[in-house]
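Undergrad: Dropping the sequence and predicted coords here.
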Amino acid sequence: MIFTFPAGFLLLGLIPVVILLHSLKPKARPIFSTTVYLWQKAHREQSAGLRLKRLRRNIPLLMQLLVITLAAIALANPILPGETSSAANMILIVDTSASMQAETGEGSRIAIAREKADQLIRSFSGKGELMIIGAGIKPMIIARFSRDTDALRDAVSELKALDVAGQIKKSIYLALSFMRPDTNDRIVLLTDGAGMDLPEILSIDSRIDPVLIKGGSRNTGITNFTYRQLPDNPGRLEFLVEVSNFNDYPVLCPLLLTLDEFPLDRRTLGLTARQTKRYIVPYEGPQSGKAILKLDLDDDFVLDNSAYAVFNRPQKIYIHLFSKESAFLEKALRAYPGIELNRSADILAGSFSDQVRQHDLVIVNNMEVPVVEQGNLVLINSLSPTLPLTKTGNISSPVVVDWHKNHPLLRDINFAGLIIEQAALVKAGQGPVELISGDQSGLCYSYENERLRILYLGFDLEQTNLPLKVAFPMLVDNILLWTNPGVFRKELALLKTGDPVPLYLRATAKEIDLRTPSRILENLAVDHNPLLFSDTYESGIYRVREADYRFSFAVNLFNKSESDIIPIDLKETQTRSAPLPMSARSGFSPWLILFLLAAVLVIIEWFFWINP
């Protein structure tokens, strides 16, 4: 017999209390009598049945002690050895994270894991079923509960290690949701332990049995590779490189940076044991093409020996500005190298619709705007009958009280401290979305339908400090991205494998072709713009094509936990709680019977109490 909750025996501490209560006797009270004859006769009659009366008087005490003992044993949850009536199931969790690509003397770690999983499937016997879960960037059920060993072995043979960080803990919780209580079900975790606190994970449940995949420990890798434009010189870039040595000995790292196969920088970096170094490579020249950083080193983990970055050739954005005076706005727009800016001082109502259709964006500053049916417009202190807004007056010195922080037009912008001398008092109909709220009226609205996108600013830029704030160039940036997502794009400089990537496409895009780094071609339907692509499971360059419009983006591992492939010692996992013996997990627990028996004794003891 095994007690799974020994603390229940603390209830036995009530036994001395009960005995003490029963030992208490009332204090004798003297009674005066004229004769002792009658008392002597009664004493002789009582002595004949003294032993039986003492026994009857102690029955409640014995029953109470027995009730406490049975309750304590029941709380301790005794389990009697025996066979369970239900067959035991097994859940195999196979680590498919990037570190499982590490090479050993017997092949890759994932190949060894597949072989061990195959052995477990072939040796699995009994009436239970077996499930397989892959632990990559997210838990994935590879095979549901089945007794078909051939199908299970086929599923295991197709497992591959992805270029992503693993989510072992989430996979454990998924497996536990399929575990049945009071059965011999168990989880077998096949992992190398990289990128996780394995003792903590094993302490989640005592039914987790680890199978550590060892072998392969030499690695030095690229842990960061990105670039930035210099603010004072947009034609100049700086590449930032970070290299880490995960070995316990020093290494020399030959590194080569190329742009479209043209060498930009070549150097050899010396790293001591467990050291990380960073350096900067300046570059001035054409900003288009593919930048690739290579680490020419023979180690056991080749994935982090390469890193990628992409420069997409900027496409032209045609903008028409209708304004008499617009120094701030014109300067902000001309700072973008891909913008072709046309400017007019007046609007010709007859040709305005054609102007809107022929340009990617039309900006109107302090003018009345005719009716338009399609296009992208920014109306600054200007109104059009197309926009469901009605001007009812003016406001002096309005105060900004809030703004729509989640709208794409105002993303990452802070309007605190915005000063406005005068703004229009407007009444909004159905359709416009209030982006900036004032204390008396909305100050900024957006409006869009299938053919039209309009941003309305209800104040003159010359009567506000907005052009002098950091928020102004960010607002211009967001306007270009919102109105022309398929032409104007920020470069996706630092993306990690497993991260979702927003693909900004043309408004007319219905489907795209996407080619992965392994040259697999995927055809994707466009139901949103931007289209969120989340299957970035490979490190490398992804290419997107939509009709004659093409661009690329790069993703990299950049995860030090996955790159640190030194195997974990099994002794480190001994801190977890020990699993229950097989008999305990498959035996019978009589705690309910014990509680019922104790309840029956309480009823009997109550009967003796009311019938002394």
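TA: That came through, no problem. Everything quoted here is computed from the prediction, not taken from an experiment. Numbering: from 1, shown residues only.

Undergrad: just for the stretch 301-450 of the chain, where's the confidence low?
TA: Applying pLDDT under 70 to the stretch 301-450 of the chain picks out residues 313-315, 337.

Undergrad: where do the helices sit along it?
TA: 327-334, 349-358 (DSSP state H, counting those that start in this stretch).

Undergrad: Need these in CSV (columns: mean neighbour count and distance to Arg543).
TA: (C-beta placed from N, C-alpha, C; glycine too.) Formatted as CSV, the helices of the stretch 301-450 of the chain follow (neighbours: other CB atoms under 10 Å; distance: least, CB to CB, whole Å):
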stretch, mean neighbour count, distance to Arg543
helix 327-334, 15, 30
helix 349-358, 14, 30
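
Undergrad: Could you break this structure into its assigned domains?
TA: 2-80, 90-217+570-585, 222-299, 317-486, 487-554 (automatic domain parsing).

Undergrad: Tell me which helix or strand in this protein has the weakest average pLDDT.
TA: Counting by mean pLDDT, DSSP states H and E, the chain has its least confident helix or strand at helix 582-586, which shows a mean of 40.

Undergrad: So which elements touch the following helix or strand past that one?
TA: The C-terminal neighbour of helix 582-586 among helices and strands, as given by DSSP states H and E, is helix 591-610. If you count contacts as 3 or more CB pairs under 8 Å, 6 or more residues apart in numbering; DSSP states H and E, helix 591-610 packs onto helix 50-75.

Undergrad: Can I get the helices of the stretch 301-450 of the chain in a markdown table including distance to Phe239?
TA: Shown next, in a markdown table, are those (distance: least, CB to CB, whole Å):
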| stretch | distance to Phe239 |
| --- | --- |
| helix 327-334 | 27 |
| helix 349-358 | 39 |
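
Undergrad: Out of these, which is closest to Phe311?
TA: Among the helices of the stretch 301-450 of the chain, the nearest to Phe311 by CB to CB is helix 327-334 (21.5 Å).

Undergrad: Contacts for that closest one, please.
TA: 319, 321, 323, 339, 341, 343, 363, 365, 380, 461-462, 467, 472-473, 476 (CB atoms under 8 Å, 6 or more residues apart in numbering).

Undergrad: Then stretch 269-278?
TA: Contacts for stretch 269-278 (CB under 8 Å, 6+ apart): 220, 223-224, 240-253, 255, 279.

Undergrad: can we see that at 7 Å?
TA: Identification of contacts with stretch 269-278 by CB atoms under 7 Å, 6 or more residues apart in numbering yields 220, 223, 240-253, 255.

Undergrad: Output it as CSV, nothing but the C-alphas.
TA: Taking C-alpha atoms only, stretch 269-278 is exported to CSV below (Å, rounded to 0.1, in the frame of the first residue of the first chain):
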residue,chain,number,x,y,z
LEU,A,269,37.5,37.8,-35.8
GLY,A,270,39.1,36.3,-32.7
LEU,A,271,36.8,35.2,-29.9
THR,A,272,37.7,33.8,-26.5
ALA,A,273,35.6,31.1,-24.8
ARG,A,274,31.9,32.1,-24.6
GLN,A,275,32.6,35.6,-25.9
THR,A,276,30.4,37.8,-28.1
LYS,A,277,31.7,40.6,-30.3
ARG,A,278,30.1,43.3,-32.4
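
Undergrad: residues of that stretch that come out buried?
TA: Leu269, Leu271, Gln275 (16 or more other CB atoms under 10 Å).
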